[in-house]
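Student: Have a look; sequence and predicted model below, questions after that.
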Amino acid sequence: MSLPPLDPQDEIRRRQKSRAVVMALILGALVILFYAISIAKMT
Amino acid sequence: MTTASYLTTQAPAADTRLPAEWRDFLALTKPRVMTLVVFTGLCGLLAAPVAIHPVIAFTAILCIALGAGAAATLNQWYESDIDALMVRTAQRPLPAGRMDRQSALHFGVGLGVFSVLLMGLAVNVLSAVILTASILFYVVIYTVWLKRRTPQNIVIGGAAGAFPALIGWAAATGRVETLPVLLFALVFLWTPPHFWALALFMKADYAAAGVPMMPVVAGRRATRTQVFLYSLPMAAVAMAPYAMGLAGALYGAVTGALTLLFVALAARVGFSREEDQAAMKPERQLFGFSILYLFVVFGALVADRWLLA
């Protein structure tokens, strides 16, 4: 039994979604880091 | 060849209809190589005789890692043509066609600029200047200028890998002093035996790609002699912090024992006449041990500092 061919649009959306999730996590981490740096510089 | 023409003529047949996976961007930063860079940077920072706020210390190490990732990305962007010719590197994102070259270039430049700006704003200007120098040294001096032109490429290019300890120390103290300069010299002199041991048993790969590594240009015999000869000044520099009173007995004992073993392995390579790549056990042993050596020597320096403190 052969697998159905992968729709390129589905694959593009899957990759875009995974990249968007990773970018959101990185931006969230940077917000926390910049906040921590600001506190560290003030003290 | 101009950068623009290089960009168009050397582009592999990537399927640019598909956006690259985030894992491929991560792979461009060479995470395994980054481990050693981060470790030496962290050791430079921890060996410094001043306290640094943990958040600023974390930021400094993050910037060193991002800077190393940027340099590795730009290296792969420039070398995708020769990476495609070597078995060891053919599956990297660019030669394998999983990413277009422009994305890699933008990612590398963006990462480098961000790491330097963050280092300058959050840590100090000196460490940002040294970080900039290390990225430019690796990309421009080593990758673009030397690697394809001279068998001494990794000798001078080794300086790029020697910067992290200096950056770590500068991040903590805001100065450059004798001990971090010795650590810089240690990594600088460690690089030729480390890379030439690899090049000895990967000679066919480098020859196929036309990279003038020492074994390809000067032959294995001359390379083996150089491996052994470089290990001698490396041993002297490794012991210098102890001899100069900049490190204690723990560092002296651990580094002394490991350095003797390093020189012994380098001597085995130096006096070997093996030509069959599959049978080059001493070369593989030296390559593997050299990575462990650097981890343990730098770790011993930090342990020594913290025990003394």
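Tutor: Received, thanks. No experiment lies behind these values; they were computed from the predicted model shown. Residues are numbered from 1 along each chain as shown, chains lettered A, B, ... in the order given.

Student: What distance do you get for the nearest residue to B:E275 once chain neighbours are set aside to B:T259?
Tutor: In space, B:E275 comes closest to B:R220 once its chain neighbours are excluded; the distance is 6.6 Å by Cβ to Cβ, 6 or more residues apart in numbering or on different chains. No exception for glycine: its C-beta is placed from N, CA and C like everyone else's. Distance of B:R220 to B:T259, computed by Cβ to Cβ, to the nearest Å: 25 Å.

Student: Looking at these two, which is more packed in?
Tutor: B:R220 (23 against 20; other Cβ atoms under 10 Å in any protein chain shown).

Student: B:D24 contacts B:P95, doesn't it?
Tutor: No - if you go by Cβ atoms under 8 Å, B:D24 and B:P95 don't touch, sitting 11.7 Å apart.

Student: Need the pLDDT of B:P193.
Tutor: B:P193 carries a pLDDT value of 94.

Student: Could you show which parts of chain A are in contact with chain B?
Tutor: By the rule Cβ under 8 Å from any Cβ of the partner chain, the part of chain A lying against chain B is A:8, A:11-12, A:15-16, A:18-19, A:22, A:33, A:36-37, A:39-41, A:43.

Student: cutoff 10 Å now
Tutor: Taking Cβ under 10 Å from any Cβ of the partner chain as the contact definition, chain A meets chain B at A:8, A:11-16, A:18-23, A:25-26, A:29-30, A:33-41, A:43.

Student: If burial is judged by neighbour count, which of those residues pass?
Tutor: A:R15, A:R19, A:L33, A:A36, A:I37, A:A40 (16 or more other Cβ atoms under 10 Å in any protein chain shown).

Student: TSV for those, including secondary structure?
Tutor: Output for those, formatted as TSV (DSSP: H, G, I helix; E, B strand; the rest coil):
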residue	secondary structure
A:R15	helix
A:R19	helix
A:L33	helix
A:A36	helix
A:I37	helix
A:A40	helix
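
Student: Just send those back as CSV, with pLDDT too.
Tutor: Output for these, formatted as CSV (pLDDT from 0 to 100):
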residue, pLDDT
A:R15, 90
A:R19, 93
A:L33, 97
A:A36, 97
A:I37, 97
A:A40, 95
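
Student: Redo these as CSV? Include distance to B:V254.
Tutor: As requested, these are exported to CSV (distance: Cβ to Cβ, whole Å):
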residue, distance to B:V254
A:R15, 47
A:R19, 44
A:L33, 34
A:A36, 35
A:I37, 35
A:A40, 33
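
Student: which residues sit in contact with A:R13?
Tutor: A:D7, B:P19 (Cβ atoms under 10 Å, 6 or more residues apart in numbering or on different chains).

Student: any idea which helix or strand carries the residue positioned nearest the centre of chain A?
Tutor: Nearest to the geometric centre of chain A sits A:V22, at 1.6 Å (Cα atoms, centre = their mean). Assigned by DSSP states H and E, A:V22 belongs to helix A:8-42.

Student: tell me the contacts of the nearest residue to B:A235 once chain neighbours are set aside?
Tutor: Distances taken as Cβ to Cβ, 6+ apart put B:T259 closest to B:A235, at 4.7 Å, once the chain neighbours are dropped. Residues in contact with B:T259 (Cβ under 10 Å, 6+ apart) are B:L186, B:S231, B:M234, B:A235, B:A236, B:V237, B:A238, B:M239, B:Y293, B:V297.

Student: so how far is chain A from B:T259?
Tutor: 38 Å (Cβ to the nearest Cβ, to the nearest Å).

Student: what do you get for B:G168?
Tutor: 17 Å.

Student: Could you find the closest non-adjacent residue to that residue?
Tutor: Nearest to B:G168 is B:G44, by Cβ to Cβ, 6+ apart, at 2.9 Å.

Student: wait, isn't that neighbour in contact with B:L186?
Tutor: No - here B:G44 does not reach B:L186: they are 11.2 Å apart, not a contact under Cβ atoms under 10 Å.
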